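Peer 1: please work out how this folds:
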Amino acid sequence: MYLVVNKSGSQIPVYRDNGKNERIGTIFNNEYYTITDSNPWYGTATGIMFRNSSGNFVGGLIVHWGWGDDPPTNQDPIHLHPITTATIGGVTHRVLNVRRDTNYRNPNGTIHSRVIRAGERVAIRNNTTGQTHKDHLLFYYLWDANLGVWQTPTSQGYGFVNMGFNGSPGGSSVSTASVYGS
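Peer 2: Got it, this is the predicted structure:
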């Protein structure tokens, strides 16, 4: 599973099936969503999870039949749009801001007791999401503003930050998600 952002400048329609029989939503420009399966319908659609107009994180399909009416394909991985970069332990990480207090999950999927505070930052290497919690982004470090240092989020060395797509307050655009880049 991979977290991407629509940087096409256009809206992408989302359907329930690859026959375009029922449109269930729209991915707007600068909106994040998760690719769950890049080829579920023999190359005619991409399986995704997205925040719908009711504020729920749900599944759908981006249909691409190759008939000239295909949606834009500019699905940029989130790590290509960081706020900045940081070299931690000799490895370059992409840094994202935290907009509001948010929780994160341990590698086993349980919610960690620490809350990442608004104004702190997380460091990622790629755009991998959780297998079970597809609206949570893999991260390796968090910036502790009080101590002025990067810290590992768990004893396993990584965690999954809640992007804030599901429920309220929340959002899935660069300007409303709990964690965001440029």
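Peer 1: my guess is residue 115 contacts residue 103. True?
Peer 2: Yes. Using Cβ atoms under 8 Å, residue 115 is in contact with residue 103, at 5.8 Å. Heads up, the C-betas are built off the backbone N, CA and C, glycines and all.
Peer 1: okay, these two: which has more neighbours?
Peer 2: Legend: neighbour count by other Cβ atoms under 10 Å for residue 115 and residue 103, higher for residue 103 (17 against 13).
Peer 1: my read: that one touches residue 110, true?
Peer 2: No. Taking contact to mean Cβ under 8 Å, the distance of 10.5 Å between residue 103 and residue 110 leaves them out of contact.
Peer 1: before we move on, back to that, which residues do residue 115 and residue 103 both contact?
Peer 2: Jointly contacting residue 115 and residue 103 under the rule Cβ atoms under 8 Å, 6 or more residues apart in numbering is no residue at all.
Peer 1: quick one: low-confidence parts of the protein?
Peer 2: Scanning the chain with the threshold set as pLDDT under 70 gives 38-43, 65-74, 167-169.
Peer 1: how about the contacts made by the residue nearest to residue 61 when sequence neighbours are not counted?
Peer 2: For residue 61, ignoring the flanking residues on the chain, the nearest one in space by Cβ to Cβ, 6 or more residues apart in numbering is residue 45 at 4.1 Å. When contacts are counted by Cβ under 8 Å, 6+ apart, residue 45 is found next to 15, 18, 61, 62, 63, 64.
Peer 1: what about these, which are in strands?
Peer 2: In strands, defined here by DSSP state E, the members of the contacts of residue 45 are 15, 61, 62, 63.
Peer 1: so what's the residue count around the first one?
Peer 2: So the one you mean is residue 15. Close neighbours of residue 15, defined as other Cβ under 10 Å, add up to 17.
Peer 1: check contacts around it.
Peer 2: 21, 22, 23, 24, 45, 60, 61, 62, 63.
Peer 1: wait, which of these is closest to residue 87?
Peer 2: Closest approach between those and residue 87, by Cβ to Cβ: residue 62, at 35.3 Å.
Peer 1: wouldn't the closest one be in contact with residue 14 here?
Peer 2: Yes. Here residue 62 lies in contact with residue 14, judged by Cβ under 8 Å, at a distance of 6.3 Å.
Peer 1: okay, and the common contacts of these two?
Peer 2: With contacts defined as Cβ under 8 Å, 6+ apart, the residues shared by residue 62 and residue 14 are 27, 48.
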